[in-house]
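Asker: dropping the sequence and predicted coords here.
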Amino acid sequence: MRLVPESVLRGVHTSTRLLVKELGAFGVVGAVCFVLQIACFQLLYAHLGVGAVRSNLIATVVSMTVAYVGHRYWSFSHRTRSSVRREYVLFAAINGVTLLLGLGVVALVRYPLGQDSALVLQIANIGSIVLGTVIRYLGYRRWVFTAPDVAPPGAPGRDTAVTH
């Protein structure tokens, strides 16, 4: 006698496999885009003479666009797709919110708390990056790349036969 129906076990296995795939791809895309943003900034600012703010803006837009494509076609490829315009606007909005959050954390630590140590500010920066990454992942799953196209085996409404 089984305590858990086979269809439920298959559903859990499929859900876990999809989550691991999403998280792994999310990390790889993020790492690649991080390096891309730094490289673009360096090229534009140090080698082509573009101003610092404009270089950062261009590098951010390029990196964010590559991240969107990577997440749409790899990290969250198994999820329902809507229009590129809708997804990209939401993707950019989530990135904008997390950018403001990061700036806010560093500003809070620097000014009201009066910290000017590079180490303390870098710790605040890294903390804001970690928090922003979690928010982006959850936001992308919730609002940009919505529910899966097909319910995993064992999900309600699919493969509901119980095996004993």
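Answerer: Sure, I can see it.

Asker: how far away is V89 from S83?
Answerer: From V89 over to S83 the distance is 9 Å, taken as C-beta to C-beta, to the nearest Å. Every residue, glycine included, has its C-beta placed from N, CA and C.

Asker: neighbour count winner among these two?
Answerer: Taking neighbours as other C-beta atoms under 10 Å, V89 and S83 compare with V89 leading, 12 against 8.

Asker: what residues sit buried inside the strand or helix carrying the more buried one?
Answerer: Here V89, judged by DSSP states H and E, is contained in helix 84-110. Buried positions in helix 84-110, judged by neighbour count with 16 or more other C-beta atoms under 10 Å: E87, Y88, L90, F91, I94, N95, T98, G102, V105, V106, V109.

Asker: next: stretch 61-80.
Answerer: Here stretch 61-80 shows 62-64, 66-68, 70-72, 74-76, 79 as buried, counting by 16+ other C-beta under 10 Å.

Asker: list the ones among those that fall in helices.
Answerer: Under the assignment DSSP state H, these contribute V62, S63, M64, V66, A67, Y68, G70 to helices.

Asker: what is the nearest of the residues you listed to L36?
Answerer: S63 (5.0 Å; C-beta to C-beta).

Asker: isn't the closest one right next to C33, touching?
Answerer: Yes: S63 lies in contact with C33 (C-beta atoms under 8 Å); the separation is 4.5 Å.

Asker: where does pLDDT dip in this structure?
Answerer: Across the chain, residues meeting the criterion (pLDDT under 70) sit at 1-2, 9, 148-164.

Asker: middle-most residue in it, spatially?
Answerer: For the chain, Y137 is the residue whose C-alpha lies nearest the centre (C-alpha atoms, centre = their mean; 3.8 Å).

Asker: and the gap between that residue and L19?
Answerer: 11 Å.

Asker: cool, and I129?
Answerer: According to C-beta to C-beta, I129 stands 22 Å off from L19.

Asker: count of neighbours near Y111?
Answerer: Y111 - counted by other C-beta under 10 Å - has 10 other residues nearby.

Asker: tell me how far the ends of stretch 76-85 are from each other?
Answerer: Distance between the two ends of stretch 76-85: 17 Å, counting by C-alpha to C-alpha, to the nearest Å.
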